[in-house]
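Peer 1: Here you go, sequence then predicted model.
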Amino acid sequence: MTDSSYDDAMVTPAFRRTDDEPTITDLDELRAHRRERLALGYQIFGAHGWGATGDGHITARDPILTDHYWLARYGVPFGQVTVADLVLVSPDGAPVDGGWDDINPAAHHIHWPIHEARPDIVAAAHTHTPYGTPLAAMVEPIAMISQEACAFYDDHSIFDDEELDVISTDGGKRIAQALGRNKSVLLRNHGLLTVGATVDEAVGWFVMLERVSEVQVKAGDRAKPISDEGARLVKESVGPAQSGWMAFQWLVASKLR
């Protein structure tokens, strides 16, 4: 193999800084797109080693049956999830093509109320992570001590509740209320949850928030905080939805290729 052919073989398809979510008007095509991105989202979680003991879930609203959502069936390792492993779940929590054994009931209890309360979002992501869970256990807001943290400035909340194993949609409704209009919520003693207008955005924010959590847990009270003015300024560049979406593109390119 010549040097030039080797270089060609190593080329990763590029994306541009100005790229964004494609506009898809055909609903069947949009459904297929969302399912593909959802499967990729699970694979990204798996590539990080998250969900290895069955904890966590990512959901995506169906564009045709808008009160239904897609979820990976129970028992499939996140890193192995494909489109064929996704289950369409109805508002009552029953998979359209199967029974309760096909999904994690906690996923419905948490996610369906969020989708119901936030018609502006397409996806929600949650799992238990090495730094997100300890940060949530501190029941403290995100400290503005890193560039990525500024993406969540005045855009996160805390669910201060002891229902850790969310056993009904009542618990999920309280989570949705705590989330409010924010892009993220810290579930006390439980972990992180993020939402987005696209699957890419929700997953991108989740990975970014776990990195923010790592900085905060490791730095503790030794870090010098960023001022409110500085955080607001940084948020203008790192906080828009397109930044979360773009983080997903980097993750696909770096983690799954």
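Peer 2: Perfect, thanks for sending it.
Peer 1: so where is the stretch 1-150 of the chain shaky, pLDDT-wise?
Peer 2: By pLDDT under 70, the weakly predicted segments of the stretch 1-150 of the chain are 1-13, 98-101.
Peer 1: which residues in it form helices?
Peer 2: Taking DSSP state H, counting those that start in this stretch as the criterion, the stretch 1-150 of the chain contains helices spanning 3-10, 27-47, 105-117, 132-138.
Peer 1: For the second one, enumerate the helices and strands it packs against.
Peer 2: Meaning helix 27-47. When contacts are defined as 3 or more C-beta pairs under 8 Å, 6 or more residues apart in numbering; DSSP states H and E, helix 27-47 sits against strand 57-61, strand 69-72, strand 86-89, strand 123-127, helix 199-219, helix 241-255. For every residue, glycine as well, the C-beta is placed using N, CA and C.
Peer 1: out of these, deepest packed?
Peer 2: strand 123-127 (a mean of 28; mean count of other C-beta atoms under 10 Å).
Peer 1: So what touches that one?
Peer 2: 38, 41, 45, 50-51, 55-61, 110-111, 114-115, 187, 191-196, 198-199, 201-203, 205-206 (C-beta atoms under 8 Å, 6 or more residues apart in numbering).
Peer 1: and stretch 89-105, how far apart are its ends?
Peer 2: 11 Å (C-alpha to C-alpha, to the nearest Å).
Peer 1: Need the contact partners of that stretch.
Peer 2: Contact with stretch 89-105 is made by 54, 57, 59, 65, 67-71, 73-74, 87-88, 108-109, 112, 116, 169, as judged by C-beta under 8 Å, 6+ apart.
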